[in-house]
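# What shape does this take:
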Amino acid sequence: MNSSFRLKNLIFSVLILISGSTSAQILQPVKWSYKTEQTAPGEATLILTATIEKGWHLYSQNIADGGPIKTTFTFTPSADYELVGKAVEGKAYEFYDKNFEMQLAYFSGEAVFKQKIKIINPKTFNISGTVEFMVCDDEKCLPPTLVDFNIKVAGL
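Predicted structure coming up:
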């Protein structure tokens with residue numbers, strides 16, 4: 001009877017832990033969306049958009065080393081396409097950060113990044129990759145996040 005009581009207590013404790021952990025809120029203040037625009041025959045622009053919750057900011061891809069994690073796009077190599085240059089971004093807010101002792105650039109509300117590609121495949125294909133980024137609010141920064149993406153592109 002004593003072992004049955006301990007087993008019931010163990011099961012009850014595990015259920016309490018599980019319910020507590022599932023109700024804990026995970027902060028995800030950035031949502032990503034992706035689309036493609038055909039810009040010319042054999043060319044397209046991938047548009048990667050970050051929607052950022054109020055009070056949070058996403059760092060630019062154009063900040064010096066030694067500061068927060070900058071936004072970085074990695075595209076999986078493929079015979080279907082070629083990257084044309086690097087991803088470009090919209091106008092970022094710039095400020096001097098006393099904590100990092102450096103000039104930083106960030107986005108609030110929304111950040112739009114565009115990557116031009118040369119299309120090689122005549123058929124529709126997907127471009128996959130990852131985006132790594134870091135977000136902060138006035139009190140804290142979240143650990144760097146790595147998000148996979150997969151973007152459908154019309155062939156030639």
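# Retrieve the pLDDT associated with the closest residue to Gly55 other than its chain neighbours.
Nearest non-adjacent residue to Gly55, counting by C-beta to C-beta, 6 or more residues apart in numbering: Asp137, 5.0 Å away. (Glycine included, C-beta is placed from N, CA and C.) pLDDT recorded at Asp137 is 93.
# what do you get for Lys98?
Lys98 is assigned 86 on the pLDDT scale.
# Can you report how many residues neighbour it?
By other C-beta atoms under 10 Å, the residues close to Lys98 number 7.
# Check Pro41 too.
A total of 7 residues lie near Pro41 under the criterion other C-beta under 10 Å.
# list the buried ones in the helix or strand harbouring Glu37?
Element membership for Glu37, per DSSP states H and E: strand 30-40. The neighbour-count check on strand 30-40 (16 or more other C-beta atoms under 10 Å) flags 30, 32, 36 as buried.
# Mind giving me the packing neighbours of that strand?
Secondary-structure packing of strand 30-40 (3 or more C-beta pairs under 8 Å, 6 or more residues apart in numbering; DSSP states H and E): strand 43-52, strand 145-153.
# Give me the mean pLDDT for it.
On average, strand 30-40 scores 95.
# so what's the nearest residue to Pro41 once chain neighbours are set aside up against?
Nearest non-adjacent residue to Pro41, counting by C-beta to C-beta, 6+ apart: Leu156, 7.4 Å away. Going by C-beta atoms under 8 Å, 6 or more residues apart in numbering, Leu156 touches 41-42, 119-122.
# Go through those and name the one nearest Ala79.
Nearest to Ala79 out of the contacts of Leu156 is Ile120 (C-beta to C-beta; 6.5 Å).
# The residue nearest to Glu110 when sequence neighbours are not counted - how many residues pack around it?
Residue nearest to Glu110 in three dimensions, not counting chain neighbours: Thr51, with 5.7 Å by C-beta to C-beta, 6+ apart. By other C-beta under 10 Å, the residues close to Thr51 number 13.
# Go ahead and confirm Thr51 touches Lys31.
Yes: contact criterion C-beta atoms under 8 Å: Thr51 and Lys31 qualify, at 4.8 Å.
# Contact partners for Pro144?
Residues near Pro144 by C-beta under 8 Å, 6+ apart: 69, 132-134.
# quick one on the thing from earlier: mind checking how far the residue nearest to Pro41 is from Val112?
Relative to Val112, Leu156 is positioned 26 Å away (C-beta to C-beta, to the nearest Å).
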